[in-house]
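Engineer: got a sequence here, can you model it:
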Amino acid sequence: MKLKFLAALAIAATLYSCDDETVGIGQFVVDDDLIPAKATTYPVVTSTHLMDSVYSRSSTAYLGKFTDQDYGTFSSDFLTQINCPENFQLPDRTVEIANATLGLYYTSYFGDSLATLRLEVNKLTKVIEDNGKNKELYYSNLNPDNYYDPNTPCLATKDYSAYDQTVSDSLRNSGDYYPNVSVSLGKEFCDNFLEKYNYTETKNGKTIHPYFKDSESFINNVLKGFYVHTTAGEGSILYISDIYLHLTVKYWTTIKNNSTNVTKDTLVYSMISMAATKEVFMSTRFKNSNLASLKDNKECTYIKSPAGLCTEVTLPIEEMYNEHKTDTLNSISISFPKLKSTYDGPYKMGTPNNLLLVQKDKMKKFFEGGETYDNKTSFLSTYSSVKNSYTFSQLNRLVSNIFTEIRPEIEKGTSSWEAWKRKNPGWNKVLLVPVTTETDSQGNIIGVENDLNVNSASLLRGDDPETSDNEENRITMSVIFTQPHKR
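Structural biologist: Numbers count the residues shown, from 1 in each chain. Coordinates of the predicted model:
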């Protein structure tokens, strides 16, 4: 049966006056009269929704492997291109590139800092055409096999741990130290790079290096990019914020001896760096091994990032429409309690700080379009450790938008309405998705992205009272409304 109560707020004589947050559902013109407010609740049904991938366009790359007792094995690897500055030049009279390293720099990680893993670096064999139109390139299930040859010997391997024990305490504690994994790419890579650079053309009487005039030329002719992945070990995930290709260049230069005033040619070394920047492609792949089995848990629903699980909420929109289509919905809110974690291992996942509530059918457009929440069709909630829950308010705006959408279909008659619902199965469903936010200098949120850090939470499962007698599993939507048409 439906859980529902109807009462005046505080006392029967309490009055409610409309403000800017009020959303009118029926035809209503505000005047100076005060209108009695009423309250009711509706149960909402929740379930765990499996996300095989998420839109993961990010400046951070993720690398590693980790096994959790509840969520199974999770791994991450990435594809990246290297940006070539316009009209890139090596020093005159370069003799050789003595060394080339791929530097993976990070400030944070998840898991065991001393766990040893082995990474492998492969050169891409196919150019990734990133013109901004193919959004699928930035989904976390992108298949690297489409861009490199797994049967070709790798470029380099490296054993590493998140905490590099070979670094001295004095260096680690210095202000200049930036934790990193540095991978030597070998002599063949160096020689090939220099050979491509030494190819020149004459244009307008000037010698140019055509393969290095810009990023597009460089990627198409010199280096299509790298695929970096782990091949052995597990225990940690690196959050890589910067990626550099460091070239140690050996070249002749003329140095003057100030005491003798004699100049002579001297062979010197210099490091030149090229970076993976936002102007070129970079995307991380995430793989989860054991999430499907969690969908049927009858006690809770799950939130798991990155690219794992979110909670689906079925709103009682049709019932609400039938009972409130001519009322004014002043306030609607829902709170989702977080359950206590039973994890007893040493590396507990973090709790998602923010959840985005967004209509299921509009989630793809939201993230691909780089939208931010508007408190009309998408809403943000920050985890409250005091209340141990995520609470969403002002949902009357969302319900009003859905009412406006479905009203013409309902008015066409039962058969048309039922056909429309079959065609739009997500019409009354929203998703709770873990996200991170970007703020400006004043602290205003200007961007929302899928949370790609290793986080998780279990939420109380909302059951349908028509099919379940478990009254402990109840999540309700609190509604405050007025009925100006009945004054």
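
Engineer: avg pLDDT for the helix of greatest length in the chain?
Structural biologist: In the chain, taking DSSP state H as the definition, the longest helix is helix 396-411. If you average the pLDDT over helix 396-411, you get 95.

Engineer: what lies in contact with that helix?
Structural biologist: For helix 396-411, contacts defined as C-beta atoms under 8 Å, 6 or more residues apart in numbering pick out 21-25, 315, 317-318, 320-321, 325, 329-332, 359, 375-377, 379, 416-417, 420, 427-428, 430, 479. In short, each C-beta sits where N, CA and C put it, glycine included.

Engineer: could you do stretch 79-87 as well?
Structural biologist: Contacts of stretch 79-87 (C-beta under 8 Å, 6+ apart): 61, 124, 128, 142, 144, 147, 208-209, 212-215, 217-219, 222-228, 243, 245, 274-277, 279-283, 285.

Engineer: just the buried residues of that stretch, please?
Structural biologist: 79-84 (16 or more other C-beta atoms under 10 Å).

Engineer: can you redo these as TSV with distance to Val435 and secondary structure?
Structural biologist: Output for the buried residues of stretch 79-87, formatted as TSV (distance: C-beta to C-beta, whole Å; DSSP: H, G, I helix; E, B strand; the rest coil):
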residue	distance to Val435	secondary structure
Leu79	23	strand
Thr80	23	strand
Gln81	26	coil
Ile82	29	coil
Asn83	28	coil
Cys84	33	coil
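
Engineer: picking that back up, now, the contacts of stretch 79-87 that are in helices?
Structural biologist: Going by DSSP H, the helices hold 215, 217-219 from these.

Engineer: average pLDDT across the longest strand seen in the chain?
Structural biologist: Secondary structure of the chain per DSSP state E: the longest strand is strand 236-257. For strand 236-257, mean pLDDT rounds to 95.

Engineer: circling back: just the buried residues of stretch 79-87 now: which is nearest Thr301?
Structural biologist: Of all the buried residues of stretch 79-87, Leu79 has the smallest distance to Thr301: 32.4 Å, by C-beta to C-beta.

Engineer: separation between the closest one and Ser59?
Structural biologist: 14 Å (C-beta to C-beta, to the nearest Å).

Engineer: equivalent analysis for Ile445, please.
Structural biologist: 18 Å.

Engineer: and the nearest residue to Asp164 once chain neighbours are set aside, how many neighbours does it have?
Structural biologist: Distances taken as C-beta to C-beta, 6 or more residues apart in numbering place Pro179 nearest to Asp164, at 6.9 Å, with adjacent residues excluded. The local packing of Pro179 (other C-beta atoms under 10 Å) involves 16 other residues.

Engineer: state the pLDDT value of Pro179.
Structural biologist: So Pro179 comes in at 96 (pLDDT).

Engineer: same question, Tyr16
Structural biologist: Reported pLDDT for Tyr16: 41.

Engineer: which ones are touching Glu120?
Structural biologist: Contact analysis of Glu120 by C-beta under 8 Å, 6+ apart lists 154, 156-157, 228-231.

Engineer: let's see 7 Å
Structural biologist: Applying C-beta atoms under 7 Å, 6 or more residues apart in numbering to Glu120 gives the contacts 154, 157, 229, 231.

Engineer: do Ile219 as well
Structural biologist: Per C-beta under 7 Å, 6+ apart, neighbours of Ile219: 81, 127, 225.

Engineer: for Lys133, see how far away it is.
Structural biologist: In terms of C-beta to C-beta, Ile219 sits 17 Å off from Lys133.

Engineer: any regions of the stretch 351-487 of the chain where pLDDT drops low?
Structural biologist: 467-473, 486-487 (pLDDT under 70).

Engineer: quick one, strands of it?
Structural biologist: 354-359, 378-382, 389-392, 429-439, 445-450, 455-460, 475-482 (DSSP state E, counting those that start in this stretch).

Engineer: deepest of those, which one?
Structural biologist: Among the strands of the stretch 351-487 of the chain, ranked by average contacts under mean count of other C-beta atoms under 10 Å, first place goes to strand 354-359 (a mean of 23).

Engineer: and that one, which strands flank it?
Structural biologist: Counting by DSSP bridges, the strands paired with strand 354-359 are strand 378-382 (antiparallel), strand 429-439 (antiparallel).

Engineer: sorry, back to before: buried ones in the longest strand of the chain, by neighbour count?
Structural biologist: Result for strand 236-257 [16+ other C-beta under 10 Å]: buried residues 236-240, 242-247, 249-251.

Engineer: what's the closest of those to Ser441?
Structural biologist: Asp242 (22.4 Å).

Engineer: skip the chain neighbours and tell me the closest residue to that closest one.
Structural biologist: Tyr105 (4.1 Å).

Engineer: contact partners for the one you found?
Structural biologist: Here Tyr105 is in contact with 178, 180, 240-242 (criterion: C-beta under 7 Å, 6+ apart).

Engineer: for Val180, give me its contacts.
Structural biologist: That one is not Val; residue 180 is Asn. 103-106.

Engineer: out of the residues you listed, which are buried?
Structural biologist: Buried subset of the contacts of Asn180 (neighbour count, 16+ other C-beta under 10 Å): 103-104, 106.

Engineer: let's have these in a markdown table, adding pLDDT, distance to Gln89 and secondary structure.
Structural biologist: Converted to a markdown table, the buried ones among the contacts of Asn180 look like this (pLDDT from 0 to 100; distance: C-beta to C-beta, whole Å; DSSP: H, G, I helix; E, B strand; the rest coil):
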| residue | pLDDT | distance to Gln89 | secondary structure |
| --- | --- | --- | --- |
| Gly103 | 98 | 21 | strand |
| Leu104 | 98 | 26 | strand |
| Tyr106 | 97 | 30 | strand |
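
Engineer: got these as CSV, with distance to Ser393 columns?
Structural biologist: Listed next are the buried ones among the contacts of Asn180 as CSV, based on distance: C-beta to C-beta, whole Å:
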residue, distance to Ser393
Gly103, 46
Leu104, 42
Tyr106, 37
